[in-house]
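sequence unknown, structure follows:
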């Protein structure tokens, strides 16, 4: 964990930014009301904040361990993109009854385009996806310590993510592809010819990959626009990613006006 030196509030918002950059949902929990019927001291204050990432406290505090636990519980109850409040009456601190009112807001990360491979097409896909505003995870494989498979296992793509394997001959593809097809990513693409894609699918089928998972594979990858060169190939791939995300076929929009 990185060293935090600039204060409580900064830490909370840094944690939210870090979660967004790494593709993890986060919840900001804020104290908006407190009450102590017996008039005792409440170990919190209005405006106290807690950042919850991956179901645990990432930064901040609501004042004590019991209050933080209530914040984590509220965060866990929020569906994607939702906000919520919790008014909790409980016995805290030596038997004294206290009431804590919390407001929580969930922040979901932008959809990601995950590109595995450092060949020209892989780099072009990553560059173009970033230029159109997508969050990009480029898992390079051109360094001695690069391991795209380990990166995919450590942070599996979620249901809002697209994955492109830019080199069908890469040593990690045989293990990565079944894992990705069984995962949550809405788009799993692999570069390669129709002949090579057929060979890959035959191998996956023989290894027991179910038909419904095989149907999720986009290979050859990209829309048929007659692409030539890495940049044009990347254009066709990114266009198919967007079309798939939006539930479109990716065909021509123009009409035959002569008819």
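Nice, I can see it. Keep in mind that this is a model prediction, so the values were computed, not measured.

surely residue 101 is within a strand?
Yes - counting by DSSP: H, G, I helix; E, B strand; the rest coil, residue 101 is found in a strand.

in the sheet, who's paired with it?
When bridges are called by DSSP bridges, residue 101 pairs up with residue 33, residue 87.

next: residue 139.
Bridge pairing for residue 139 (DSSP bridges) gives the partners residue 116.

so it touches residue 112, yeah?
No - in this structure, residue 139 is not within contact of residue 112 by C-beta atoms under 8 Å, at 11.3 Å. All C-beta spots, glycine's among them, are computed from the backbone N, C-alpha and C.

more neighbours, the two?
residue 139 (24 against 21; other C-beta atoms under 10 Å).

mind listing what's buried in the helix or strand residue 15 falls within?
Residue 15 belongs to helix 8-21 when assigned by DSSP states H and E. Residues of helix 8-21 classed as buried: 11, 12, 14, 15, 16, 18, 19, 20 (neighbour count, 16 or more other C-beta atoms under 10 Å).

that helix: how far from the chain's middle?
16 Å (C-alpha atoms, centre = their mean, to the nearest Å).

how about stretch 78-89?
On the basis of C-alpha atoms, centre = their mean, stretch 78-89 sits 21 Å off its chain's mean C-alpha point.

then stretch 207-227?
Centroid separation between stretch 207-227 and its chain, computed with C-alpha atoms, centre = their mean, is 22 Å.

same thing with stretch 111-125?
Going by C-alpha atoms, centre = their mean, where stretch 111-125 is centred and where its chain is centred differ by 16 Å.
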